[in-house]
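Chemist: Just a sequence and a predicted model for now, questions to come.
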Amino acid sequence: GQQVMQIPQYQHVQEGEDFTTYCNSSTTLSNIQWYKQRPGGHPVFLIQLVKSGEVKKQKRLTFQFGEAKKNSSLHITATQTTDVGTYFCAGHNGNKLVFGAGTILRVKS
Amino acid sequence: DGGITQSPKYLFRKEGQNVTLSCEQNLNHDAMYWYRQDPGQGLRLIYYSQIVNDFQKGDIAEGYSVSREKKESFPLTVTSAQKNPTAFYLCASTSPADTQYFGPGTRLTVL
């Protein structure tokens, strides 16, 4: 079945440093979604990418969808303490969303 | 105020007891999902339902059961057959745009 791999598993950065998490699928995706889960909270939808090579920005967050629609990345510029949490990518497999294992981001102030 | 509610937030049960977790949504979404999350891990799909009176097993359905008698409700029963039930359980529903809305979760601890 479809697998979605996400790296790194964990990253600890100094406030102000950049952060990137990468997502790779074993199959071509129709779209990819990104979610953020704050510590102790539940996942919250951030964005969906649909087109090959698509790039979208949300303030300091930049999302990319690969040309082959099998990989994606989330880049945060100049991290802040409010960015802490786990970032998940997810791709569709029929009626189901397949989630990556997530990248845990910790920010030192 | 639209959304998904799960109750209770924390639940403690003795080993060998069945327990039912509640999930209600007023978003008028057709599809609903149950996930399990273990510490430091991703989301694993337990069951999902695309429409009332129909549901399908996810990747880790053993030891769990669900029902979907109403569009708004998708309760999950953790049975005594589930070997490691202690986890964080998340319910979600899917919008027409295929994005998932999650409830606040229930943290189940089996003593």
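Modeler: That came in fine, so what should we check first? Numbers count the residues shown, from 1 in each chain, chains lettered A, B, ... in the order given.
Chemist: what sits against residue 29?
Modeler: No chain in the question, so chain A it is. A:69-70, A:91-92 (Cβ atoms under 8 Å, 6 or more residues apart in numbering or on different chains). (Glycine included, C-beta is placed from N, CA and C.)
Chemist: look at chain B instead
Modeler: Contacts of B:His29 by Cβ under 8 Å, 6+ apart are B:93-95, B:101.
Chemist: I'd like the contacts of A:Leu29 as a markdown table, with neighbour count, secondary structure and pLDDT appended.
Modeler: Formatted as a markdown table, these follow (neighbours: other Cβ atoms under 10 Å in any protein chain shown; DSSP: H, G, I helix; E, B strand; the rest coil; pLDDT from 0 to 100):
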| residue | neighbour count | secondary structure | pLDDT |
| --- | --- | --- | --- |
| A:Lys69 | 21 | coil | 95 |
| A:Lys70 | 17 | coil | 95 |
| A:Gly91 | 26 | strand | 92 |
| A:His92 | 16 | strand | 83 |
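Chemist: What about the residue nearest in space to the middle of chain B? Give its phi and psi, please.
Modeler: The centroid of chain B falls nearest to B:Trp34 when counting by Cα atoms, centre = their mean (3.3 Å). Backbone geometry at B:Trp34, expressed as degrees, to the nearest 10, gives phi -120, psi 130.
Chemist: Okay, it and A:Phe65: tell me how far apart.
Modeler: 28 Å (Cβ to Cβ, to the nearest Å).
Chemist: if I read this right, A:Asn24 contacts A:Lys69, doesn't it?
Modeler: No: look at A:Asn24 against A:Lys69 with Cβ atoms under 8 Å: they stay out of range, at 11.4 Å.
Chemist: pLDDT at B:Gly16, what is it?
Modeler: pLDDT recorded at B:Gly16 is 89.
Chemist: Could you grab the helix/strand/coil label for it?
Modeler: Using DSSP: H, G, I helix; E, B strand; the rest coil, the structure places B:Gly16 in coil.
Chemist: for the closest residue to it other than its chain neighbours, what are its contacts?
Modeler: Spatially, and ignoring its direct neighbours in sequence, B:Gly16 is nearest to B:Ser80 (4.8 Å; Cβ to Cβ, 6 or more residues apart in numbering or on different chains). Applying Cβ under 8 Å, 6+ apart to B:Ser80 gives the contacts B:15-18.
Chemist: Report the two of the residues you listed separated the most.
Modeler: With Cβ to Cβ as the measure, no two of these lie farther apart than B:Glu15 and B:Asn18, at 11.3 Å.
Chemist: Between those two, which is the more surrounded one?
Modeler: Neighbours were tallied for B:Glu15 and for B:Asn18 using other Cβ atoms under 10 Å in any protein chain shown; the higher tally belongs to B:Asn18 (13 against 9).
Chemist: Identify the residue nearest that one in space, chain neighbours excluded?
Modeler: B:Asn18's closest residue in space is B:Thr79 (Cβ to Cβ, 6+ apart), at 5.1 Å.
Chemist: Please apply the same query to B:Tyr47.
Modeler: B:Val66 (4.4 Å).
Chemist: Could you check the pLDDT of the one you found?
Modeler: Here, the pLDDT recorded for B:Val66 equals 98.
Chemist: repeat for the one 5 residues further on
Modeler: Among the per-residue scores, B:Lys71 holds a pLDDT of 97.
Chemist: contacting residues around it?
Modeler: B:Lys71 neighbours (Cβ under 8 Å, 6+ apart): B:28, B:30, B:52.
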